[in-house]
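Peer 1: Take this sequence and fold it.
(one chain, ligands or ions: 1)
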Amino acid sequence: MFHRMCLVLTVLVCLFAEAPAISPGAQDSVWLGSLDLTHLRQGWGTPRVDSSVDGKPLRLGGVTYHRGVGTHARAVLRIALHESALRFRALAGVNDSSNGAGSVRVRLLGDGRVLFASGVLRTGRGGVAIDADLTGIDTLILTATDAGDGIDHDHVDLCDARIVYSGTPPGTFTQAPEQPSILTPAPGPLPRINGARVIGCRPGHPFLHRIPCTGERPMTFTARTLPAGLTLDPSTGIIRGTAPAAGTHRVTVTAKNARGSASVELRIVSGATLALTPPMGWNHWYAHYNRVTDALMREAADVMHRTGMADAGYQYVSIDDCWMNAPRHSDPLRVGPLRDPGGNILPNKHFPDMRGLTEHIHALGLKAGIYTSPGRLTCAGFAGTLGHEEQDAKQFAAWGFDFLKYDWCSYSEVTGGNPDRAALRKPYEVMGNVLAGLDRDMVLNLCQYGMGNVWEWGAAVGGQCWRTAGDLGFELDRIYEVALQNADHRAWSGPGSWNDPDYIQIGYVGNAMTGGEPQPTPVPPQMQYAYMSLWSLMASPLFFSGDMNRLDPFTLNILCNPEVIEVDQDPLGQSAAVIPLDDETFVMVKEMEDGSKAVGFFNRDEIDRDLTAPWSALGLQGRHAIRDLWRQQDIGTSAGPLTYRVPSRGVMFVRLRPLH
Ligand code: GLA
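Peer 2: Numbering: from 1, shown residues only. Just a heads-up that it's a prediction; the model follows:
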């Protein structure tokens, strides 16, 4: 009797201690702020307990809360619930102090399912109550993403946030790093000719094109109807000589080895327009920044040749900033007179022989890129070209360069603040005119971060490609956003006119600001597939900017899939149309010259998702054959719709060929 009374009393005490009880049983609850928040990943600042991310009171719609967590958009927190949790409760919103500008979406994902989605929350509008059932859930993911307008001011308050559980207490954790998995088969032994099928050049100028081709070597190359003035080296597949008279010259090139042969038609289009397909290459910036040397550039060219990158279509080996002298620098070998008494630009002591360097690159059938700024100094504080535009461009041509990146940097000293469009165009017009008058083809890459809607006038001032945004290297967590903004400018994409969302920074990449040795890219493996697919669908210039000396098989598999590159290099030059599916997923569709379509299914979410695209949305009619481009496999036919399970942050990339 006494025991029974004790039991009843104990139960009563437990129930009252737990009030307000949610259901009978031994329940407990834990404040979100008392969990280990070092596992909370967020886009700005660090999480704060009982205050907003910037240390202000938690305050939603005029009400102050004393308990909770202040975080910031693009927040992700994983919590192990061990199937012991019952409910997640909180009031979520954007802190009142967020300048009227913040907007976010808060979601709870439980074992791959959406348990709660807030919709768009805006600052000053109070919070939304979350009371989600967690019964039976093993892993909970709490996310707060921006609502499509970037993360500025997205101060997220999770007021009175707590988890009610019974049994093993919840604990936060960091997801184990995703393991890279190589999807693409290694190139087969048969010859396969890759890369650009249409090549722009200007009549009478030096011509160089190495036919990119995979397959067993030795290989013999032949060409039918090669225009006079050009010769093909049968063992290397390098075409050299003088660009033919204006017009389209159709050349059938064949590569033959012991296993078989392959032929394609190359169109050599001699006229005014260069870069008829997006330029492809490597740029030193995110591998060597201000430590770049002649030896590193030569080595990079050798690696491009040796590793198969050149066989996949990569061509330009480009020096970025820091090859000139600087008025001041920590490396004395980079300090010296900026120009000689005749006003000629002087390379620094790490570049003793510019002509020799381009000859080394050209001997491999590759092309050489160089960098300068229209300003007095480059972004890294080296000699710019201001007042010497023509002299420098002629020097670059005399050295043998084929590509110029022209980086705004200190040119604001000339324009002052808020330059109008004419002022923004001016330096590029000057350089565009100079390059058009050279006796050498030099592709002009405008680098001014998208100011004045450069995509609308970049081609008119003589450019072939233009950066549409700031340096992606400092925002590799924003690849999807940068890509979607770049895709907005698709109307200006076409042969000789390319939107450039910046480099492919995978493998080992460095921090150009802080220096130090390059480290493994922060971009997770599935997202690397998405990165390369996005760039190809948008017909972006494909410049790898990681360490060429640390290329691993996974990185090469991302960079060198010829079927993916074929999408980028398609002669139509179309940038894909974006079709949103929901807040976290979208499809990109690109029309190809042969009537097929390249389609990417993208999943930005933290969980794998099934994505469905209706036939009509893809602009398709009738049955199509489907090719998985990353796996290089035919995966059947369909008359629509298409549904694929797409990994978190990743892509399913297919090409659809009409069967009728
Ligand atoms: C700017 C450019 C980068 C790089 C550096 C070099 O930041 O956007 O791509 O060229 O300058 O200083």
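Peer 1: What mean pLDDT does whichever strand or helix holds Asn433 get?
Peer 2: Asn433 is located in helix 421-436, with elements delineated by DSSP states H and E. Across helix 421-436, the average pLDDT comes to 98.
Peer 1: Equivalent analysis for stretch 386-400, please.
Peer 2: pLDDT averaged over stretch 386-400 equals 98, rounded to a whole number.
Peer 1: Can I get it in PDB, CA atoms only?
Peer 2: Output of stretch 386-400 as PDB, limited to C-alpha atoms (Å, rounded to 0.1, in the frame of the first residue of the first chain):
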ATOM      1  CA  LEU A 386      46.600  53.700 -67.300                       C
ATOM      2  CA  GLY A 387      48.000  56.000 -70.100                       C
ATOM      3  CA  HIS A 388      49.800  53.100 -71.800                       C
ATOM      4  CA  GLU A 389      46.900  51.100 -73.100                       C
ATOM      5  CA  GLU A 390      48.100  50.800 -76.700                       C
ATOM      6  CA  GLN A 391      51.700  50.400 -75.800                       C
ATOM      7  CA  ASP A 392      50.900  47.600 -73.300                       C
ATOM      8  CA  ALA A 393      48.500  45.800 -75.600                       C
ATOM      9  CA  LYS A 394      51.200  45.800 -78.400                       C
ATOM     10  CA  GLN A 395      53.700  44.500 -75.900                       C
ATOM     11  CA  PHE A 396      51.300  41.700 -74.900                       C
ATOM     12  CA  ALA A 397      50.800  40.800 -78.600                       C
ATOM     13  CA  ALA A 398      54.600  41.000 -79.200                       C
ATOM     14  CA  TRP A 399      55.200  38.600 -76.300                       C
ATOM     15  CA  GLY A 400      52.600  36.300 -77.900                       C
END
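Peer 1: before we move on, the earlier item: got the angle between the helix or strand just after the helix holding Asn433 and helix 421-436?
Peer 2: Elements were assigned by DSSP H and E; along the chain past helix 421-436, the next helix or strand is strand 443-447. An angle of 160 degrees separates the directions of strand 443-447 and helix 421-436 when computed by axes from the mean of the first three to the mean of the last three CA atoms, to 10 degrees.
Peer 1: any residues touching strand 443-447, and which ones?
Peer 2: Residues outside strand 443-447 that contact it (CB atoms under 8 Å, 6 or more residues apart in numbering) are 274-275, 279, 316, 402-408, 428, 431-432, 435, 454, 458, 461-467, 500, 541. Any C-beta I mention is one placed from the backbone N, CA and C, and that applies to glycine too.
Peer 1: Could you report the distance from the residue nearest to Ser84 when sequence neighbours are not counted to Ala301?
Peer 2: If you skip the residues right next to it in sequence, Ser84 has Gly167 as its closest partner in space, 3.6 Å away by CB to CB, 6 or more residues apart in numbering. Noted for Gly167: a distance of 62 Å to Ala301, by CB to CB, to the nearest Å.
Peer 1: Likewise for Trp457?
Peer 2: Distance from Trp457 to Ala301, by CB to CB: 33 Å.
Peer 1: next one: Leu559
Peer 2: Counting by CB to CB, the gap between Leu559 and Ala301 amounts to 16 Å.
Peer 1: Which residues of the protein lie near the ligand?
Peer 2: In this structure, the chain approaches the ligand at residues Trp285, Asp320, Asp321, Thr378, Cys379, Ala380, Asp407, Cys447, Asp471, judged by CB under 6 Å from any ligand atom.
Peer 1: could you redo the last one with a cut-off of 8 Å?
Peer 2: By CB under 8 Å from any ligand atom, the part of the chain that sits against the ligand consists of 283, 285, 289, 320-322, 371, 378-380, 405, 407, 409, 447, 449, 467, 470-471, 473, 502-503, 512.
Peer 1: give me the residue from the stretch 351-500 of the chain nearest the ligand.
Peer 2: Scanning the stretch 351-500 of the chain for proximity to the ligand using CB to the nearest ligand atom identifies Cys379 as nearest, at 3.4 Å.
Peer 1: Count the residues that sit near Pro227.
Peer 2: Neighbour count for Pro227, taken as other CB atoms under 10 Å: 19.
Peer 1: for it, what are its contacts?
Peer 2: With contacts taken as CB under 8 Å, 6+ apart, Pro227 has the following neighbours: Pro244, Ala245, His249, Val251, Ile268.
Peer 1: what about the helices in the stretch 451-600 of the chain?
Peer 2: Per DSSP state H, counting those that start in this stretch, the stretch 451-600 of the chain carries helices over the ranges 479-487, 525-537, 553-559, 562-568.
Peer 1: go on, the stretch 1-150 of the chain?
Peer 2: Read by DSSP H, counting those that start in this stretch, the stretch 1-150 of the chain holds these helices, from start to end of the chain: 2-17.
Peer 1: in it, what spans have low per-residue confidence?
Peer 2: Along the stretch 1-150 of the chain, segments meeting pLDDT under 70 span 1-25.
Peer 1: In it, mark out all the strands, start to finish.
Peer 2: If you assign secondary structure with DSSP state E, counting those that start in this stretch, the strands in the stretch 1-150 of the chain sit at 28-31, 48-49, 58-60, 63-65, 68-72, 75-80, 85-94, 103-110, 113-122, 128-133, 139-146.
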